[in-house]
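In: Sequence and computational prediction follow.
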Amino acid sequence: MQDAGWDGARARRLEVESVDVLFRAAGGATECSRWSSAAAEVVFENCPPLKPFSARKGKRLAPGWWWSASTGRLVHYGSAAMRLHVMLLDRDPCVSGLATRPLELRWHVRNHPLRYGSATDQQIWHDLVHGMDSALRLRRHRPSTLVTHAAYLHARTGGRMGSLSHLIREAALVSLLDGTEKITKKLLEQIELDSAAEQRARAPHRRRMTSQRQP
């Protein structure tokens, strides 16, 4: 009979071994390593952002730099929400290193996205979006606004709950910073997601453009 503690330790070790990390090395090249080894060898606070912060038309705050008292150097940020995170962390006495988007984690464990094909699939997705919408505490946000954009949210996130949660959370932070305290589709379009989600969102658009060019 195996010890329960040993089984738990083995499960945690397998979980860590199933995670890869993407980051940019000193020379600028993107590298992919096991998280278990990279976490002990790579100084991520010295790594540049994994992908550049682009300035988008109509965006309320363009990318910029924050002088960090913790690190004694400039820290790049890409949005109002990210700047707020940097400012708060820089004032935390427990923080000794600071960087913005220096890495991206990828799990090998299959995480099936939610579908949006049948009426049942759509209802499940709508219920999920409605739950997140109801949890918002923004003064000018109209209830169920996000549900009206459920199809857009699914196309944007590929049906993945992690990407959906990140998208809504970042939009809520930006709306608090600019004082609007409401989430609109225009604001959602300005929020950047992880690279995998952005690629999935662009793929249908590329397929439509290709089909339109065909005679």
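Out: All right, it came through fine. Here the structure is a predicted model, which means the values were calculated and not measured. Numbers count the residues shown, from 1 in each chain.

In: in the chain, which spans are strands?
Out: Using DSSP state E, the strands of the chain run over 19-24, 30-34, 64-68, 73-77, 103-107.

In: Now render the ones you listed as a markdown table, adding distance to residue 168, mean pLDDT and mean neighbour count.
Out: Where you see a C-beta, it was placed from the backbone N, CA and C, and this is true even at glycine. Formatted as a markdown table, these follow (distance: least, Cβ to Cβ, whole Å; pLDDT from 0 to 100; neighbours: other Cβ atoms under 10 Å):
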| stretch | distance to residue 168 | mean pLDDT | mean neighbour count |
| --- | --- | --- | --- |
| strand 19-24 | 24 | 87 | 18 |
| strand 30-34 | 28 | 89 | 13 |
| strand 64-68 | 24 | 91 | 15 |
| strand 73-77 | 20 | 89 | 16 |
| strand 103-107 | 20 | 79 | 14 |
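
In: Quick one: closest of those strands to residue 191.
Out: strand 73-77 (14.1 Å; Cβ to Cβ).

In: now the angle between strand 64-68 and the closest one, please.
Out: 140 degrees (axes from the mean of the first three to the mean of the last three Cα atoms, to 10 degrees).

In: circling back: out of the strands of the chain, flag the one nearest residue 139.
Out: strand 73-77 (25.8 Å).

In: Does anything pack onto that closest one? Which helices or strands?
Out: strand 64-68, helix 80-90 (3 or more Cβ pairs under 8 Å, 6 or more residues apart in numbering; DSSP states H and E).

In: hmm, who's touching the shortest one?
Out: Spelled out, it's strand 64-68. With Cβ atoms under 8 Å, 6 or more residues apart in numbering as the test, strand 64-68 has contacts from 73-77, 83, 86-87, 90, 98.

In: switch the cut-off to 6 Å
Out: 74-77, 86, 90, 98 (Cβ atoms under 6 Å, 6 or more residues apart in numbering).

In: thinking again about what came up before, turn the strands of the chain into CSV, columns for distance to residue 136.
Out: Listed next are the strands of the chain as CSV, based on distance: least, Cβ to Cβ, whole Å:
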stretch, distance to residue 136
strand 19-24, 30
strand 30-34, 35
strand 64-68, 27
strand 73-77, 24
strand 103-107, 26
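
In: between the ones you listed, which one is nearest to residue 176?
Out: strand 73-77 (16.4 Å).

In: List the neighbouring strands of that closest one plus their orientation.
Out: strand 64-68 (antiparallel) (DSSP bridges).

In: okay, the partner strand in CSV with CA atoms only?
Out: C-alpha atoms of strand 64-68 as CSV (Å, rounded to 0.1, in the frame of the first residue of the first chain):
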residue,chain,number,x,y,z
GLY,A,64,5.1,53.6,-21.6
TRP,A,65,7.8,53.2,-19.0
TRP,A,66,7.8,53.4,-15.2
TRP,A,67,10.9,54.2,-13.2
SER,A,68,11.1,51.4,-10.5
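
In: Cool, thanks, signing off.
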